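A.B. asks: here is my input; please provide its structure:
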Amino acid sequence: MGWISADMFPTKLSFIVFIAYMGLFINQGILVTASKSKDNSYSYNTVTVVLMTECLKLIAASIVYLKDHTAAEFSAEFIKNRKVLMLYLVPAALYCLYNNLQFVNLANYDPTTYFLLLQFRVVVTGVVFQFLFKKKLSRKQWASVFILSVGCVIKEINHTSKMAAAAATEGEAAKTAEAAGLGIWDYLDFHVLLIMLQVFSSCFAGVYNEFLLKDTGCDVHIMMANVFMYVQSILCNTVALGFRGELITAFTPENLSALAQPSVLAIIANNAAIGIVTSLFLRTLNSILKTFASALELMFTAVLCWMIFGIPIDFFTVLALAIVIGATFLYAQNPVVNKARNEIEAEAKAHDTKITCSSVHQRFYVACVHVFFTLCVWPAFPELLQPIRVKQLPCWFTFMLSTVKCANAHTVMDCL
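C.D. replies: Here you go, the predicted model:
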């Protein structure tokens, strides 16, 4: 289509990964919302769910790797890239924070509002992306990013208005009057701060993970990279359990039996699939497009939550969704292209080989012309071409031989 650049989805696989990423995240929001009780709480330990999810991710990544490799190769690559393993502690810790905060924030926001607020990560992601990869976004790309942010602000203004109206309805006029003399920072709700913390952890984790996949650890098998990530994630989540004093209680028979609920098992399986698909997304596409994919989730999440949970779609939501979609269309015309370092090096090498091949091709045929001239043209016009002597003939064959020797036989045959 004319409004989508060919650089947005370079391969069919990248498009499939894009669709799968959106579908899994939409499903995750619905599943988590469905698992909430009437008082917006959960009947299971959320940190335990996250830890079980990371264990399932580790098992899945290991199985996929071992499908094409032996156990000895698994151990060898694991030990060989132990420095990369340590680097994955950074995104693992941030993802741990992000995963645990999503349960807290979804308990205080409806899925549509939750996903809209998360779109503030687009601007932060753009800044971090430029810093790590040393690439500047174009004006059109930044325009699409800021337009997307406007949609988020519109939804947040509406959410704040609803909170103020609810406070007035509940007879909190005294608190409202007291708040009139406060500064803008005093209006920041604690849950808004949690959302912003989740936004920043998501941004830095996502971009740094892409940096490891495409630069520092680009030579590591992607499933081994996932193993590194999930080993560190399990460590971080274990620390999180200990920090909350739930390391022992999280694995009591009561908490473990709560995980056997079909809705909880579905959350664990879906979240594990998200982890694998996200790594493929960052390897084949980029962090900027990932944030736009998250924005596109809003349209489908809003419709599905209205159909399933009866969550209304108001004017502000419709307007915000329209702005998000418009920003995505604008970005699609001029998407960010960020290839892995080894891919860039391979393309450069192929380009150099092509130039060398062209040079060999040219030299060989120039030599052929010289030989033809010496053998055919000179005998026909000896008086006209007297300066050329017969003893020069071996020189032309020597020249041709040196031309052929300048490349291997395979390259020469390709040239010919």
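A.B. asks: can you give me the helices in the stretch 101-250 of the chain?
C.D. replies: All helices of the stretch 101-250 of the chain, identified by DSSP state H, counting those that start in this stretch, fall at 111-118, 121-133, 139-169, 173-179, 190-211, 222-243.
A.B. asks: now the angle from the fifth one to helix 222-243?
C.D. replies: With axes from the mean of the first three to the mean of the last three Cα atoms, to 10 degrees defining the directions, helix 190-211 sits at 150 degrees from helix 222-243.
A.B. asks: if we can go back for a sec, what's the most buried one of the helices of the stretch 101-250 of the chain?
C.D. replies: Among these, ranked by average contacts under mean count of other Cβ atoms under 10 Å, first place goes to helix 111-118 (a mean of 24). Where C-beta positions appear, they are placed from N, C-alpha and C, glycine not excepted.
A.B. asks: mind listing what's buried along stretch 319-334?
C.D. replies: 320, 321, 323, 324, 325, 327, 328, 330, 331, 332, 334 (16 or more other Cβ atoms under 10 Å).
A.B. asks: residues touching it, excluding its own?
C.D. replies: For stretch 319-334, contacts defined as Cβ atoms under 8 Å, 6 or more residues apart in numbering pick out 3-5, 8, 116, 119, 138, 140-141, 143-145, 147-148, 150-152, 154-155, 288-289, 292, 295-296, 298-299, 302.
A.B. asks: would you turn the helices of the stretch 101-250 of the chain into JSON lines with distance to residue 54 and mean pLDDT?
C.D. replies: Converted to JSON lines, the helices of the stretch 101-250 of the chain look like this (distance: least, Cβ to Cβ, whole Å; pLDDT from 0 to 100):
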{"stretch": "helix 111-118", "distance to residue 54": "21", "mean pLDDT": "72"}
{"stretch": "helix 121-133", "distance to residue 54": "22", "mean pLDDT": "87"}
{"stretch": "helix 139-169", "distance to residue 54": "29", "mean pLDDT": "70"}
{"stretch": "helix 173-179", "distance to residue 54": "41", "mean pLDDT": "42"}
{"stretch": "helix 190-211", "distance to residue 54": "14", "mean pLDDT": "88"}
{"stretch": "helix 222-243", "distance to residue 54": "4", "mean pLDDT": "90"}
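A.B. asks: and those as CSV, adding distance to residue 74?
C.D. replies: Converted to CSV, those look like this (distance: least, Cβ to Cβ, whole Å):
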stretch, distance to residue 74
helix 111-118, 35
helix 121-133, 29
helix 139-169, 40
helix 173-179, 59
helix 190-211, 21
helix 222-243, 8
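A.B. asks: looking at those helices, which is closest to residue 71?
C.D. replies: Taking Cβ to Cβ as the criterion, residue 71 comes closest to helix 222-243 out of these, the separation being 12.8 Å.
A.B. asks: and the helix or strand immediately after the closest one in the chain, what does it pack onto?
C.D. replies: Using DSSP states H and E, the helix or strand that follows helix 222-243 in sequence is helix 253-258. Judged by 3 or more Cβ pairs under 8 Å, 6 or more residues apart in numbering; DSSP states H and E, helix 253-258 is in contact with no other helix or strand.
A.B. asks: name the next helix or strand following helix 253-258 along the chain.
C.D. replies: helix 262-284.
A.B. asks: can I get that following helix in PDB? Just the C-alpha atoms.
C.D. replies: What follows is helix 262-284, C-alpha atoms only, in PDB (Å, rounded to 0.1, in the frame of the first residue of the first chain):
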ATOM      1  CA  PRO A 262      -7.500 -21.600  34.100                       C
ATOM      2  CA  SER A 263      -7.400 -17.800  33.800                       C
ATOM      3  CA  VAL A 264      -4.100 -17.700  35.700                       C
ATOM      4  CA  LEU A 265      -2.600 -20.500  33.500                       C
ATOM      5  CA  ALA A 266      -3.700 -18.600  30.500                       C
ATOM      6  CA  ILE A 267      -1.900 -15.500  31.700                       C
ATOM      7  CA  ILE A 268       1.300 -17.400  32.300                       C
ATOM      8  CA  ALA A 269       1.200 -19.100  28.900                       C
ATOM      9  CA  ASN A 270       0.300 -15.800  27.100                       C
ATOM     10  CA  ASN A 271       3.000 -13.800  28.900                       C
ATOM     11  CA  ALA A 272       5.600 -16.500  28.100                       C
ATOM     12  CA  ALA A 273       4.700 -16.200  24.400                       C
ATOM     13  CA  ILE A 274       5.000 -12.400  24.600                       C
ATOM     14  CA  GLY A 275       8.600 -12.800  25.800                       C
ATOM     15  CA  ILE A 276       9.600 -14.900  22.900                       C
ATOM     16  CA  VAL A 277       7.800 -12.800  20.300                       C
ATOM     17  CA  THR A 278       9.200  -9.600  21.800                       C
ATOM     18  CA  SER A 279      12.800 -10.800  21.300                       C
ATOM     19  CA  LEU A 280      12.000 -11.600  17.600                       C
ATOM     20  CA  PHE A 281      10.400  -8.200  17.300                       C
ATOM     21  CA  LEU A 282      13.400  -6.300  18.500                       C
ATOM     22  CA  ARG A 283      15.700  -8.500  16.400                       C
ATOM     23  CA  THR A 284      13.800  -8.100  13.100                       C
END
